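K.L.:
Any chance you can model this:
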Amino acid sequence: MVPRVAPLITPSQALALGELEDPAEIEELVQRAWQARVERFADATDMCSLVNAKSGGCAEDCGFCAQSRYAEADTPMHAMMDPEQILEHARAAEAAGAHRFCMVTQGQGLSRRDFEKVLAGARLVAEHTNLKRCASIGHISTDRAKALKKAGVQRVHHNVETAESYYPEVSTTVRYEGRLRTIEAVREAGLETCVGGILNLGETREQRVEMAFELARIDPTSVPINLLNPRPGTKFGDREPMDPWEVVKWIAIFRLILPEALFRLCGGRVENLGELQRMAVKAGLNGVMMGNFLTTLGNTPEEDRATFEDLGLNVARQPDNGANPRPDNRAGWLQGETPDVLAAALEPEPTALEVRLWDPSSQLRFKRKRAARRRPDLAA
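P.N.:
Numbering: from 1, shown residues only. From the prediction side, this is the model:
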């Protein structure tokens with residue numbers, strides 16, 4: 001595949017930038033990435049929220065995930081949510097200021113019954129909210145992708161996770177080629193693609209550049225960047241978090257390699273970035289995964305909105321029921337300054353609103369594993 005817009009830097013230039021360590025030089029790189037982001041997206045943002053609609057007991061061996069049956073970590077467990085429960089979480093996400101909502105399930109495929117629940121949930125979210133709809137449900141065929149589109153899903157997420165050359169260290173039960181087939185099935189169905197990966201799995205700097213240019217060839221609409229949050233009992237559980245400046249640097253490099261993609265920062269950003277989250281936004285992000293993640297807690301929605309607003313970015317949501325799934329200036333979505341619908345809703349008298357985001361600390365039932373299966377790659 002040929003990207004719609006060529007990368008702004010070459011692989012050798014990206015690798016040279018990856019060697020930067022001086023914060024002042026990294027800040028210069030950030031400014032370059034910020035300019036690329038503003039030129040293409042102006043002040044538009046794309047804030048996400050998710051629901052962990054089915055959790056625990058995954059049969060795959062992905063080395064970063066506590067849900068894997070090969071991990072010794074305690075496992076968050078619950079069966080597939082009913083459509084009404086999915087809608088409840090979507091309404092909470094909308095109240096918190098999210099633009100889009102993603103239904104996420106564990107594993108690399110769903111039974112027919114669970115898939116029907118996802119379709120029903122998507123229809124409810126489309127009918128009762130103004131959220132844009134996404135799904136992340138493992139491997140799917142073109143027929144299933146078309147069914148998702150008919151139910152109102154606009155974008156499907158399926159990561160490559162890491163560079164192809166490093167992928168065997170990450171998973172042996174989920175094939176890299178299978179991930180590419182799923183991404184192609186999503187594209188064939190006329191849906192947008194959301195494809196990213198995880199940094200700090202033990203990959204080299206050369207492999208980070210490799211992954212970024214692989215993503216450029218895939219040319220997804222959206223690129224989520226995750227930072228490993230080491231979970232005790234997983235293959236990568238003993239890794240140290242990334243240095244915050246290293247994180248910022250690589251976000252900026254990825255932005256220059258994928259100038260047209262909608263970038264968002266997801267899992268691990270709180271643990272790895274700390275006080276540099278605002279700097280990471282300036283490195284080229286369009287949005288973040290608001291609230292909580294699959295099995296861990298994140299910032300509050302208020303903190304996330306403030307991080308973007310402090311940089312002059314607009315976090316307001318348009319009341320279009322997700323009719324345009326790309327909130328950026330290239331599609332004509334921005335016509336001057338977008339209205340602040342949240343502020344308008346609170347005037348003249350503030351209304352008390354209880355927001356219940358997905359909270360793993362209170363809404364997950366953790367089941368301790370008596371023993372984990374031996375990993376197929378024989379890793380400890």
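K.L.:
For stretch 157-176, buried residues please.
P.N.:
Using 16 or more other CB atoms under 10 Å as the test for burial, stretch 157-176 gives 157-164, 166-167, 169-172, 174, 176. C-beta: built from backbone N, CA, C; applies to glycine.
K.L.:
Quote the end-to-end distance of it.
P.N.:
The distance separating the two terminal residues of stretch 157-176, taken as CA to CA, to the nearest Å, comes to 15 Å.
K.L.:
And for stretch 64-83?
P.N.:
End-to-end distance for stretch 64-83, by CA to CA: 29 Å.
K.L.:
Any idea how many residues pack against residue 190?
P.N.:
Counted by other CB atoms under 10 Å, the residues lying close to residue 190 total 10.
K.L.:
excluding its backbone neighbours, what's nearest it?
P.N.:
Among residues not flanking residue 190 along the chain, residue 149 sits closest, at 6.1 Å (CB to CB, 6 or more residues apart in numbering).
K.L.:
wait, what's in contact with the one you found?
P.N.:
By CB atoms under 8 Å, 6 or more residues apart in numbering, the residues touching residue 149 are 189-191.
K.L.:
and if we set it to 10 Å?
P.N.:
Neighbouring residues of residue 149 by CB atoms under 10 Å, 6 or more residues apart in numbering: 122, 133, 155-156, 186, 189-192.
K.L.:
And for residue 112?
P.N.:
Taking CB under 10 Å, 6+ apart, one finds residue 144 in contact with residue 112.
K.L.:
For it, give its distance to residue 240.
P.N.:
The gap separating residue 112 from residue 240 is 43 Å, by CB to CB, to the nearest Å.
K.L.:
do the same with residue 95
P.N.:
As for residue 95, its distance to residue 240 is 37 Å (criterion: CB to CB).
K.L.:
Between those two, tell me which one has more neighbours.
P.N.:
Set side by side, residue 95 and residue 240 show more neighbours around residue 95, with 17 against 9, by other CB under 10 Å.
K.L.:
surely the more buried one meets residue 101?
P.N.:
No. Contact criterion CB atoms under 10 Å: residue 95 and residue 101 do not qualify, at 11.5 Å.
K.L.:
anything in contact with each of these two?
P.N.:
Residues touching both residue 95 and residue 101 by CB under 10 Å, 6+ apart: residue 129.
K.L.:
list the buried ones in whichever strand or helix holds residue 208?
P.N.:
Following DSSP states H and E, one finds residue 208 within helix 205-218. For helix 205-218, burial by neighbour count (16+ other CB under 10 Å) applies to 207-216, 218.
K.L.:
where along the stretch 101-250 of the chain do the helices fall?
P.N.:
Along the stretch 101-250 of the chain, the segments classed as helices by DSSP state H, counting those that start in this stretch run 112-128, 142-151, 176-188, 205-218, 244-257.
K.L.:
Next up, phi/psi of residue 96, please.
P.N.:
phi -80, psi -10 (degrees, to the nearest 10).
K.L.:
how deep is it tucked in, by neighbour count?
P.N.:
Applying other CB under 10 Å, I find that residue 96 has 21 neighbouring residues.
K.L.:
Can you tell me which residue is spatially central in this structure?
P.N.:
Nearest residue to the geometric centre of the chain (CA atoms, centre = their mean): residue 224, 3.9 Å.
K.L.:
where's that one relative to residue 272, distance?
P.N.:
Counting by CB to CB - residue 224 and residue 272 are separated by 15 Å.
K.L.:
Low-confidence regions, this structure specifically.
P.N.:
Across the chain, the ranges flagged by pLDDT under 70 are 1-4, 75-76, 291-298, 318-378, 380.
K.L.:
what's the longest helix in it?
P.N.:
Assignment by DSSP state H gives helix 23-41 as the longest helix of the chain.
K.L.:
Next, the buried residues of that one.
P.N.:
Buried residues in helix 23-41 (16+ other CB under 10 Å): 26-27, 29-30, 32-34, 36-38, 40-41.
K.L.:
same deal with stretch 300-308?
P.N.:
Result for stretch 300-308 [16+ other CB under 10 Å]: buried residues 301, 304-305, 307-308.
K.L.:
Does anything pack onto the strand or helix carrying residue 92? Which helices or strands?
P.N.:
In the assignment (DSSP H and E), residue 92 maps to helix 83-95. If you count contacts as 3 or more CB pairs under 10 Å, 6 or more residues apart in numbering; DSSP states H and E, helix 83-95 packs onto strand 48-54, strand 100-105, helix 112-128, helix 301-309.
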